[in-house]
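Enquirer: Below are the sequence and a predicted model; questions follow.
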Amino acid sequence: MEGKSVRFSQVMTTQLVLPNDTNQLGNLLGGTLMHWIDIAAAICAKQHAGRVCVTASVDGLTFHHPIKLGEIVTLQASVNRAFRTSMEIGVLVTARGEASDPVRRANTAYLTFVAIDSQGRPVSVPPVVPETEEEHRRYAEALARRELRLQHRPGRAPAQP
């Protein structure tokens, strides 16, 4: 199976934080942000695999700064690494108020998606071909995170990439 570059499946989406998206403090609800993250990551995974992909795990979800009512939220999703049937998708979330305000990192997340066939069985995905220094770093770090995830599964030994 031929590999694909990271940029082939990168996704960028933008959301506006509306009153219905916030808590009583005027901050974006964590669950709403997680929903947006899952959608951006799912689109990225589907573009890379060329088929439907399902969320297998969410880890490394870190809230760096609150996002306020009226702010513009940008989600950037990239495939960090592909394994046999799964892919780690990294999502960077940034926010800004006014156009003149600085963009700030608000959240980062790592999700694992599995490509499936029409019967819901896992199928192989193309490898990722990292091209930049940052992509090579994320590629290596994805393997380390995967090994940690697999160590925490009861009765499962770490799989080979």
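Expert: Right, received. Where do you want to start?

Enquirer: In this structure Arg81 contacts Ala144, no?
Expert: No. Assessed by Cβ atoms under 8 Å, Arg81 is found out of contact with Ala144, at 10.2 Å. (Glycine included, C-beta is placed from N, CA and C.)

Enquirer: So which of the two has more stuff around it?
Expert: More neighbours surround Arg81 than the other of Arg81 and Ala144, with 23 against 9 (other Cβ atoms under 10 Å).

Enquirer: Report the contact partners of the more buried one.
Expert: Residues in contact with Arg81 (Cβ atoms under 8 Å, 6 or more residues apart in numbering) are Met87, Glu88, Val128, Arg138, Tyr139, Ala142, Leu143, Arg146, Pro161.

Enquirer: list the buried ones in the helix or strand encompassing it?
Expert: Element membership for Arg81 (DSSP states H and E) is strand 72-82. For strand 72-82, the neighbour count (16 or more other Cβ atoms under 10 Å) marks Ile72, Val73, Thr74, Leu75, Ala77, Ser78, Val79, Asn80, Arg81, Ala82 as buried.

Enquirer: Need those residues in TSV (columns: distance to Thr55 and pLDDT).
Expert: Listed next are those as TSV, based on distance: Cβ to Cβ, whole Å; pLDDT from 0 to 100:
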residue	distance to Thr55	pLDDT
Ile72	25	97
Val73	20	98
Thr74	21	98
Leu75	15	98
Ala77	12	98
Ser78	16	98
Val79	14	98
Asn80	15	97
Arg81	16	97
Ala82	15	97
